[in-house]
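> What shape does this take:
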Amino acid sequence: MITGIGKLAVRNTLRRGRKSWITVIGVFIGIAAVVSLVSLGQGLEVAITQEFEELGSNQVITTGTVEDSDLDTIERARGVESATGVYTVSKTVNFRGDGQEVNVAGVDLSEFDTAFTGLPFTLEDGRILRGPDRTSTIITRSMAEGYEREPSLNDQVELDSDNYRIQGIYSAGDPQFQNSMLIDIDIVRDMEEVDDELTQIIALTQPGFTQEEVRENIEEELRRDRGLEEGDEDFNVTIPQDVLDALTNILGVVQGIVVGLASIALLVGGIGIMNTMYMAINERTQEIGVLKAIGASKKDIRTLFLLEAGLIGLIGGVIGVLIGIGISEIVVYAVTTYTDTLITRGYTLSLIAGSIGFAATLGLISGYFPARNASNLKPADALRYE
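Numbering: from 1, shown residues only. Got it, this is the predicted structure:
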């Protein structure tokens, strides 16, 4: 019996043609929006996580009020292998008459390995700086591409009327270092007329210690050295996971708001299904009377209209998922092709199955009251209906 009712539900849905498709539109627009936005959000979250994993798992960064004397304090902390300071300023750097604003990061050349390893840098060409390289620099690829004519190895860039030879070109995973150059820290301090101030201190952890453990040890050492109570710190010790957690939390909130807005379309779609089913009852009152006259029970009539409503939701869900995946693919292709941002595909089997299942369930729920009304029609009244 259920097979016959199912076939009848499919035939009735297809027979309504344009009316069914208009109803489906509201469902697949909502599903397409949800699938595309959720998949892009998940893909972006995966990409962000991968970027931060590339920062490494052995860096602890101290910022705030820090200076050279804090280096010894931090190196005394249990679990710290080495530490070095960085002083960063924003300066105009010229190349063959073409200037641009870049971040000039001063580092201790005797501890350059620690700084370069601790920061999210990857050397693409040339070499890193050594102790004698006071008049040399290494620059990011994005900085080089910012000039009308791109500088290369052994070219010289001008900073505050002094020339610095490019010994290496690197890529940076951290946005604040995307457009930057590295030179000796004493040169940068002389430019700014400061003595021992630092922008940040980079500490590398010893094997066997987690970043969280080392962070707590550094905080304890700095508080003891400065005579501070917990909560009165004038410094901030962070690990890449902190920034990752903050970004993913923000992304989750934004994604939730956007999906909530997209769900309005699903609500409209559900109302559309309900309206379509009520109209179908009015148009098919005599048909319901005939079905009851030949032995169809209330349950059979109710099942018929529920299946029709669920089928409308199911069709809308399938179309919406396909459109949503298509939108996601287009955005991923555009972003990866025309920008430096790497975003992955975030749609999963659970997202696809859940979206289709939700659409079908939405149809069933929206069709419940119309189906109940149809099942309660009396055969004699339905047959006499004009």
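> What strand or helix carries residue 163?
Using DSSP states H and E, residue 163 sits within strand 162-172.
> Show me the contact partners of that strand.
The contact list for strand 162-172, computed with C-beta atoms under 8 Å, 6 or more residues apart in numbering, reads 119-129, 133, 135-142, 144, 151-158, 178, 180-181, 183, 187. C-beta: built from backbone N, CA, C; applies to glycine.
> Look up how far residue 259 lies from residue 349.
As defined by C-beta to C-beta, to the nearest Å, residue 349 lies at a distance of 19 Å from residue 259.
> Quick check on those two: which one has the bigger neighbour count.
residue 259 (16 against 7; other C-beta atoms under 10 Å).
> Next one: the more buried one relative to residue 36, how far apart?
Residue 259 sits 10 Å away from residue 36, taking C-beta to C-beta as the criterion.
> Same question for residue 137.
Taken as C-beta to C-beta, the span from residue 137 to residue 36 is 44 Å.
> again, but for residue 248
Per C-beta to C-beta, residue 248 is found 19 Å from residue 36.
> Between those two, tell me which one has more neighbours.
Of the pair residue 248 and residue 36, residue 36 is the one with more neighbours under other C-beta under 10 Å, namely 24 against 16.
> Now do the same for the host helix or strand of the more buried one: mean pLDDT, whole number.
Counting by DSSP H and E, the element that carries residue 36 is helix 18-53. Averaged over helix 18-53, pLDDT sits at 74.
> Flag every buried residue along stretch 40-48.
Buried positions in stretch 40-48, judged by neighbour count with 16 or more other C-beta atoms under 10 Å: 40, 41, 42, 43, 44, 45, 47, 48.
> Quick test: name the residue nearest the centre of this protein.
residue 44 (2.9 Å; C-alpha atoms, centre = their mean).
> So which of the contacts of strand 162-172 sit within helices?
For the contacts of strand 162-172, the ones inside helices are 141, 142, 144, 187, with DSSP state H as the criterion.
> Tell me how far the residue lying closest to the third one once chain neighbours are set aside lies from residue 166.
Closest residue to residue 144 apart from its sequence neighbours, by C-beta to C-beta, 6 or more residues apart in numbering: residue 150 at 5.0 Å. When distances are taken as C-beta to C-beta, residue 150 and residue 166 turn out to be 11 Å apart.
> do the same with residue 348
For residue 348, the distance to residue 166 - C-beta to C-beta - is 45 Å.
> Give me the more crowded residue out of these two.
Remark: of residue 348 and residue 166, residue 166 carries more neighbours, 22 against 12, as counted by other C-beta under 10 Å.
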